[in-house]
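# I'll drop the sequence and a predicted model, then ask my questions.
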Amino acid sequence: MKSKKVIHIFLALVVLVASQFACQTFAPASTATQPPQLSPTEPLPFNTDTPAPQPTPTDSFIDISQFSDEEIKAGIQEALDAYADAYTNNDPDLLEEFVDQTNKPFRRIVRSRFNDFQSSFAGGKIVFQYDVVSITRQEYGYVIAHIESPNLRFVDWVYRFYEDHWVLTEPSVEQVGKPVITETDHFIFTTYPWSDDVNPQIMDMMERAYQQVKDVLGKAPEEKAVVKVMPIYGLSPFNAMNAIASYNPTDNDIEAYAPFSYAYGSYDPAVGWDGELQVTLTHEFTHMTHWQVFGRAGKLADWMSEGLAEYVAGETGNKYTACYAFASGTFIPILDESDAVYKQDLMHMYLLEQDFSLSYDFATSLVDFIVEKHGGLDGFWSLAHALDDTSDFKKAVQKAFGISYEQFNKEWQAWLKNQC
């Protein structure tokens, strides 16, 4: 591996691989910002009434017993060095060389997240580096590599040996096993055997999420929620590719990616994958509660839904990220009052063409500001209902708080400047 000078800046903690956005609620046009992608050809998830086909060995899945652990680690390290160089230097050809191109849904999510990062405010500002700490051999010739980065983010990614080198990949739909249905006090879970080592823990975490949402908002849905724990992206190959979990109001279910998958993304080892996933699950259940119990109040403002979910989940630290971005000259306003057809503002978060992840931080800071300066969560709901009544955010601010939008916006930006 060639020597690199790693840039230790705050942004590196925020966008290690631009892959760990909190969620994506499937509202109308919620995936409109995604770049054009190849059409997925992998099969859809199994129907629970249909027996799962048995995996069929192929020539591409070789017997890796011929390799020692050290040989595997060295081969994966070579692939990681190339992955890091691709991100640092915006080299998509190098990226694809070390990503499994035979798994079409998987290659789409890897390339989509790569594109999102390169077009973000942090693109070109970070030198990436990864180091293999250990490996765990899996079935069908797969290896889970446990990887750290100098900025103290960890990832656990799946690799396989293909042709003459190791490639980043994930198992096929058939290999993760037949879905299993489990019912608990407040949820109905669909899980897969591939992630059996973490499925029970994730079920317990959802129950804790239920209690936290009920404690903060005072209410929670009475009907049992459906939750799907997804070990691979290929189970739902039409999902948004920038989310580690999502709430789908049409089907009224939550999908969350299991750790030890590329779709899950990175985590702080001091917090653990479980600590970070706990926040995300709480975020998603807040969305479900917002829709079912609170009538999706404030639905005309994308930031209200996402900011509320982050607030309830305890992600108040997002305001620091927003503050640093603001100080560096990157700002996403509440209202884009230019003549642009595609607005770059928080009212249209789901349509942002860049810095979608950063918009969560600004949205959370807005909720924090309202809670602190304008009457707590009661103030937030007053603004949300006023927006529903008026369909005009400026009028809603005047109705809810008795001040002009201009004054409200000025106060928020002044408050934001003092958060870092």
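Alright, I've got the coordinates. Predicted, not measured: the structure shown is a model, and the values here were computed from it. Numbers count the residues shown, from 1 in each chain.
# which element is the residue lying closest to residue 260 once chain neighbours are set aside on?
Of all residues beyond its chain neighbours, the one nearest residue 260 is residue 156 (4.4 Å), with distances taken as Cβ to Cβ, 6 or more residues apart in numbering. C-beta coordinates here come from the backbone N, C-alpha and C atoms, glycine included. Applying DSSP states H and E as the criterion places residue 156 in strand 154-162.
# what's the next secondary structure element after that strand?
That would be, after strand 154-162 and using DSSP H and E, strand 165-169.
# give the pairing partners of the next helix-or-strand element following that following strand; include direction for each.
As assigned by DSSP H and E, the chain's next helix or strand after strand 165-169 is strand 180-183. If you go by DSSP bridges, strand 180-183 pairs up with strand 187-191 (antiparallel).
# can you name every helix or strand that the following helix or strand past the partner strand contacts?
Read in the C-terminal direction, the helix or strand following strand 187-191 is helix 199-217, with elements assigned using DSSP H and E. Judged by 3 or more Cβ pairs under 8 Å, 6 or more residues apart in numbering; DSSP states H and E, the packing partners of helix 199-217 are strand 187-191, strand 225-230, helix 272-292, helix 302-312.
# pick the most deeply packed of those.
Per residue and on average, the most neighbours among the helices and strands packed on helix 199-217 fall to helix 302-312, with a mean of 26 (mean count of other Cβ atoms under 10 Å).
# packing partners of that helix?
Using 3+ Cβ pairs under 8 Å, 6+ apart as the contact criterion, the secondary-structure elements in contact with helix 302-312 are helix 199-217, helix 272-292, helix 356-373, helix 376-390.
# of all the ones you listed, which one is nearest residue 124?
Judged by Cβ to Cβ, the one of the helices and strands packed on helix 302-312 that comes nearest to residue 124 is helix 356-373, at 15.5 Å.
# how about the closest one: buried residues?
Within helix 356-373, the residues that count as buried by 16 or more other Cβ atoms under 10 Å are 356-371.
# how about stretch 100-115?
By neighbour count, and taking 16+ other Cβ under 10 Å as the criterion, the buried residues in stretch 100-115 are 100, 103-115.
# same check, this time on stretch 241-249
Counting neighbours by 16+ other Cβ under 10 Å, one finds that the buried residues in stretch 241-249 are 241, 242, 243, 244, 245, 246, 247, 248.
# low pLDDT regions in this protein?
Segments of the chain classed as low confidence (criterion: pLDDT under 70) are 1-61, 152.
# the helix or strand containing residue 397 packs against which elements?
Residue 397 belongs to helix 393-401 when elements are defined using DSSP H and E. Contacts of helix 393-401 with other secondary structure elements, assessed using 3+ Cβ pairs under 8 Å, 6+ apart, are made with helix 376-390, helix 405-417.
# list of residues touching the first one?
Residues from elsewhere that reach helix 376-390 (Cβ atoms under 8 Å, 6 or more residues apart in numbering): 216-217, 294, 297-301, 304, 308, 367, 370-371, 374-375, 393, 395-397, 399-401.
# kindly recompute the last result at 7 Å.
Residues external to helix 376-390 that are found in contact with it (Cβ atoms under 7 Å, 6 or more residues apart in numbering): 297-298, 300-301, 304, 308, 367, 370-371, 375, 393, 396-397, 399-400.
# now stretch 187-194
For stretch 187-194, with Cβ under 7 Å, 6+ apart as the criterion, the contacting residues are 171, 176-177, 179-182, 199, 203, 206, 224-229, 231.
# how many neighbouring residues does the closest residue to residue 139 other than its chain neighbours have?
Of all residues not flanking residue 139 in the chain, residue 175 sits nearest, at 7.2 Å (Cβ to Cβ, 6+ apart). Burial of residue 175 is recorded as 22 neighbouring residues (other Cβ atoms under 10 Å).
# same check on residue 69?
As a burial measure, residue 69 scores 12 neighbours (other Cβ under 10 Å).
# from residue 65, how far out is the residue nearest to it when sequence neighbours are not counted?
Counting by Cβ to Cβ, 6+ apart, residue 69 lies nearest to residue 135, which is 6.1 Å off, once chain neighbours are set aside. Here residue 135 is placed at a distance of 14 Å from residue 65 (Cβ to Cβ, to the nearest Å).
# higher neighbour count, these two?
With other Cβ under 10 Å as the criterion, residue 135 and residue 65 differ in neighbour count, and residue 135 comes out ahead with 17 against 8.
# could you list every residue that touches the closest residue to residue 121 other than its chain neighbours?
The shortest distance from residue 121 to any residue that is not its chain neighbour, by Cβ to Cβ, 6+ apart, is 4.6 Å, and that residue is residue 330. For residue 330, the residues meeting the contact criterion (Cβ under 7 Å, 6+ apart) are 121, 355, 358.
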